[in-house]
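S.K.: Sequence plus the predicted model coming up.
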Amino acid sequence: MAGTLKNVTDADFDNEVLKSEKPVLVDFWAEWCGPCRQIAPSLEAIAAEHGDQIEIVKLNIDQNPGTAAKYGVMSIPTLNVYQNGEVVKTIVGAKPKAALLRDLDAFIQG
């Protein structure tokens, strides 16, 4: 699975994210977004290292505007962590991997 994050859509968001047993980080992104492309390798590395504790998926806001609108995503990249169907953390903007890991510390202990 390393190197490719699963894409979710408006149609399968409930099943893939809200009903997940473990926390899910959703990367709201778009093709034209430079910072989104910048953080993709960091997210893939975090998924490879901590995939047993947190699921990381991508949602293209151009193809799936409904979910982005529902959660008030105004700028991208926006990373929302969902746990038990609720947003428990929001990270806005591109950050280096170390900063992302600090932000996700509560979900990837150990």
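M.R.: Structure's in. What do you need?
S.K.: Please save the CA atoms from stretch 100-110 in PDB.
M.R.: What follows is stretch 100-110, C-alpha atoms only, in PDB (Å, rounded to 0.1, in the frame of the first residue of the first chain):
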ATOM      1  CA  LEU A 100       2.400  16.600  10.700                       C
ATOM      2  CA  LEU A 101       3.600  13.900  13.000                       C
ATOM      3  CA  ARG A 102       3.500  16.200  16.000                       C
ATOM      4  CA  ASP A 103      -0.100  17.200  15.000                       C
ATOM      5  CA  LEU A 104      -1.100  13.600  14.700                       C
ATOM      6  CA  ASP A 105       0.700  12.500  17.900                       C
ATOM      7  CA  ALA A 106      -2.500  11.800  19.800                       C
ATOM      8  CA  PHE A 107      -3.500   9.300  17.100                       C
ATOM      9  CA  ILE A 108      -0.200   7.500  16.500                       C
ATOM     10  CA  GLN A 109       1.400   7.000  19.900                       C
ATOM     11  CA  GLY A 110       3.900   4.200  20.300                       C
END
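S.K.: quick one: it to chain centroid distance?
M.R.: Centroid separation for stretch 100-110 versus its chain: 13 Å, with C-alpha atoms, centre = their mean, to the nearest Å.
S.K.: Longest helix of this structure, counting residues only.
M.R.: In the chain, assigned by DSSP state H, the helix with the most residues is helix 34-50.
S.K.: Would you mind listing the buried residues in that helix?
M.R.: Going by neighbour count (16 or more other C-beta atoms under 10 Å), the buried part of helix 34-50 is Cys36, Ile39, Ala40, Ser42, Leu43, Glu44, Ala45, Ile46, Ala47, His50. Bear in mind the C-beta positions are built from the backbone N, C-alpha and C, glycine included.
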